[in-house]
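Visitor: Build me a structure from this.
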Amino acid sequence: MSNKNLGEMISSLRKEKNMTQNDLAKRMNVTDKAVSKWERNLSCPDINSIPKLAEILGVSVEELLNAQAKQENSKVDEIINIALIGVSLAMGICIVITSILKQIDVNNAITMLGIGLCGLSIYSLKNKKDKQ
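Guide: Below is the predicted model:
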């Protein structure tokens with residue numbers, strides 16, 4: 001279960017117990033739409049309901065919270081990836097435009113190119129590590 005995010009974990013545990021989303025919703029005193037959102041990672045169960053959810057699904061609170069933490073970390077990683085690519089692209093565009101306008105000297109262009117290449121290198125190494 002440790003490789004699953006919270007939604008996947010809730011879904012698989014619910015199915016192992018031969019429960020429908022509606023069955024789980026009734027036991028949790030929520031709507032089946034809420035359970036559906038949990039399983040699709042569109043929302044998370046209220047923190048106060050985690051112990052009850054863990055009990056119903058037959059796992060520890062710690063297991064559910066670890067899955068939730070993993071899900072939040074993946075969102076942070078996604079934001080970092082976008083920022084790395086964005087900065088690298090911005091540096092490249094800036095070099096091209098300022099070169100065309102003859103508003104940049106060689107030293108500044110090399111510095112900006114280095115920043116852009118560093119961003120792309122970090123992005124590449126990070127994603128290579130994530131795939132391993």
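
Visitor: Need the three-state assignment for the residue of the chain most remote from its centre.
Guide: Farthest-out residue of the chain from its mean C-alpha position, per CA atoms, centre = their mean: K102, at 41.1 Å. Of the three states, K102 takes coil under DSSP: H, G, I helix; E, B strand; the rest coil.

Visitor: Could you measure from it over to A109?
Guide: 11 Å (CB to CB, to the nearest Å). Placement of C-beta: from N, CA and C, glycine included.

Visitor: Same check on S49?
Guide: 56 Å.

Visitor: now do N127
Guide: 27 Å.

Visitor: So what's the residue count around E62?
Guide: 9 (other CB atoms under 10 Å).

Visitor: Send me the helix or strand in which E55 is found as PDB with only the CA atoms.
Guide: Per DSSP states H and E, E55 falls inside helix 50-57. Output of helix 50-57 as PDB, limited to C-alpha atoms (Å, rounded to 0.1, in the frame of the first residue of the first chain):
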ATOM      1  CA  ILE A  50      -9.500   9.900   9.500                       C
ATOM      2  CA  PRO A  51      -9.600   7.600  12.600                       C
ATOM      3  CA  LYS A  52     -13.100   6.400  11.700                       C
ATOM      4  CA  LEU A  53     -12.100   5.900   8.000                       C
ATOM      5  CA  ALA A  54      -9.100   3.900   9.100                       C
ATOM      6  CA  GLU A  55     -11.200   1.700  11.400                       C
ATOM      7  CA  ILE A  56     -13.700   1.000   8.600                       C
ATOM      8  CA  LEU A  57     -11.000   0.200   6.100                       C
END
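
Visitor: Centre of the chain to it, how far?
Guide: Taking CA atoms, centre = their mean, to the nearest Å, one finds helix 50-57 lying 24 Å from the centre of the chain it belongs to.
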